[in-house]
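Chemist: whatever this is, show me its structure:
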Amino acid sequence: MSIRNVSLLVLAVAMLVGLQSGAYATTADLQTMAQSYGSLMHQWSFEGADISTAGVDSEGTVDLVESNVGADHSGGTHIVYNAPGYDASSTGASTFNQKDDKGFSGGHGDAFLTSDTIAPPGTFSWEVVLQTGYSPITNIGETPPYNLGYVIAHRPTGGGPRGYFLWQGTSHSASGDSFTSLTGDWQAGEATVIPAPLAENNWYYMAGTHTVNIVDGSSQVDLYAADLNAPVPTLSHTSFANPKAYEHGVAGTFGIGASYWGGVETFPGVLDEINLYNKALSESQIGDNFAALMNPIPEPSTFVLLAVGALGLIWCRRRR
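Modeler: So this is what the prediction gives:
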């Protein structure tokens with residue numbers, strides 16, 4: 001074998017090695033994975049320059065509308081569209097919760113409500129990719145101030161069992177520096193903190209499944225979370241039996257980044273992906289969805305680009 005041929009072989013191998021240290025897969029892989037399940041009800045990806053595109057339900061027919069509320073809300077929405085998403089190919093919508101330690105009069109928030117009602121079934125799953133904003137959270141528009149920032153909320157009758165499937169905070173009085181899922185009546189044992197330390201400006205993948213026992217009104221809850229900015233993102237899992245269930249089968253407005261009624265208890269962060277399913281996804285399915293975000297894909301490195309240039313030089317010299 002000639003020296004030139006050996007050089008070509010070495011460079012080709014080097015290029016293959018260089019391609020292995022690529023970037024992560026895109027949220028499009030998660031979208032495709034979710035759509036492959038027949039249980040996907042609604043999918044919001046928050047892509048676009050305004051609510052007309054960012055609020056589109058790509059799987060169902062329930063688009064999102066803006067919820068801009070508060071005692072001192074002026075100047076239009078504070079939602080930022082086309083905010084940087086989890087990956088370079090994705091954008092999100094940055095929702096807003098006013099942070100002001102001077103008093104209660106200026107509290108307001110900006111996020112989304114569903115344009116139509118949704119009736120979550122007895123077996124139900126949710127899934128999100130989001131970036132946190134500030135922590136802890138304090139809603140000064142409430143008296144007393146509630147340390148809450150809702151991400152997915154459902155409570156159609158107002159006085160019935162809550163479906164606060166995901167929110168930033170732990171309780172009214174505790175600091176809003178964690179993620180929590182609650183179904184029931186806000187009693188001890190009806191909420192659980194999701195096992196992922198909340199860090200400001202980090203990206204998270206989170207999912208939850210809920211299965212209602214129609215005999216005794218309890219529910220089985222499984223929660224999953226991963227800090228996508230961790231050196232080695234790892235999916236945690238916690239499972240518990242909740243003595244209460246949410247209002248399954250009852251149609252009501254969902255708050256997306258907001259409470260179900262559109263109050264100022266909004267989530268301060270970026271929403272990139274939210275999926276709702278009409279079944280309890282299995283642990284393996286959620287693991288596959290998480291893996292879809294983390295699978296490496298080839299991306300040319302500087303070394304590879306130099307190798308391409310070297311191949312071109314060798315080819316030109318051969319033709320002389």
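Chemist: can you map out the helices along the stretch 201-320 of the chain?
Modeler: With helices called from DSSP state H, counting those that start in this stretch, the stretch 201-320 of the chain shows them at 283-294, 302-319.
Chemist: which of those has the lowest average pLDDT?
Modeler: Averaged per stretch, pLDDT over the helices of the stretch 201-320 of the chain is lowest on helix 302-319, reaching a mean of 42.
Chemist: which of the residues in stretch 40-48 are buried?
Modeler: For stretch 40-48, burial by neighbour count (16 or more other CB atoms under 10 Å) applies to 40-47. Glycine gets a C-beta too; all of them are placed from N, C-alpha and C.
Chemist: start and end of that stretch, how far apart?
Modeler: With CA to CA, to the nearest Å as the measure, the ends of stretch 40-48 fall 22 Å from one another.
Chemist: average pLDDT for it?
Modeler: Averaged over stretch 40-48, pLDDT sits at 97.
Chemist: burial count for Arg155?
Modeler: Each residue near Arg155 was counted by other CB atoms under 10 Å, and the total is 21.
Chemist: next up, the contacts around it.
Modeler: When the contact criterion is CB atoms under 8 Å, 6 or more residues apart in numbering, the partners of Arg155 are 161-164, 247, 252, 260-261.
Chemist: format those residues as a markdown table; extra columns: distance to Ile194 and neighbour count.
Modeler: Listed next are the contacts of Arg155 as a markdown table, based on distance: CB to CB, whole Å; neighbours: other CB atoms under 10 Å:
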| residue | distance to Ile194 | neighbour count |
| --- | --- | --- |
| Pro161 | 19 | 22 |
| Arg162 | 16 | 21 |
| Gly163 | 16 | 26 |
| Tyr164 | 12 | 25 |
| Glu247 | 21 | 19 |
| Gly252 | 23 | 21 |
| Tyr260 | 20 | 22 |
| Trp261 | 23 | 15 |
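Chemist: and those residues as a markdown table, adding pLDDT?
Modeler: A markdown table is the format used below for these (pLDDT from 0 to 100):
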| residue | pLDDT |
| --- | --- |
| Pro161 | 92 |
| Arg162 | 93 |
| Gly163 | 95 |
| Tyr164 | 95 |
| Glu247 | 95 |
| Gly252 | 96 |
| Tyr260 | 93 |
| Trp261 | 91 |
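Chemist: show me these that map onto strands.
Modeler: For those, the ones inside strands are 162-164, with DSSP state E as the criterion.
Chemist: could you give the bridge partners of Val270?
Modeler: Applying DSSP bridges to Val270 yields these beta-bridge partners: Ser94, Gln131.
Chemist: please disregard the earlier target; I meant Tyr224.
Modeler: Legend: beta-bridge partners of Tyr224 under DSSP bridges are Ala207, His237.
Chemist: do I have it right that it meets Ser239?
Modeler: No. Applying CB atoms under 8 Å as the test, Tyr224 and Ser239 come out as separate, 9.8 Å apart.
Chemist: could you work out the most separated pair of the buried residues of stretch 40-48?
Modeler: Greatest spatial distance among the buried residues of stretch 40-48 (CB to CB): Met41 and Glu47, at 19.0 Å.
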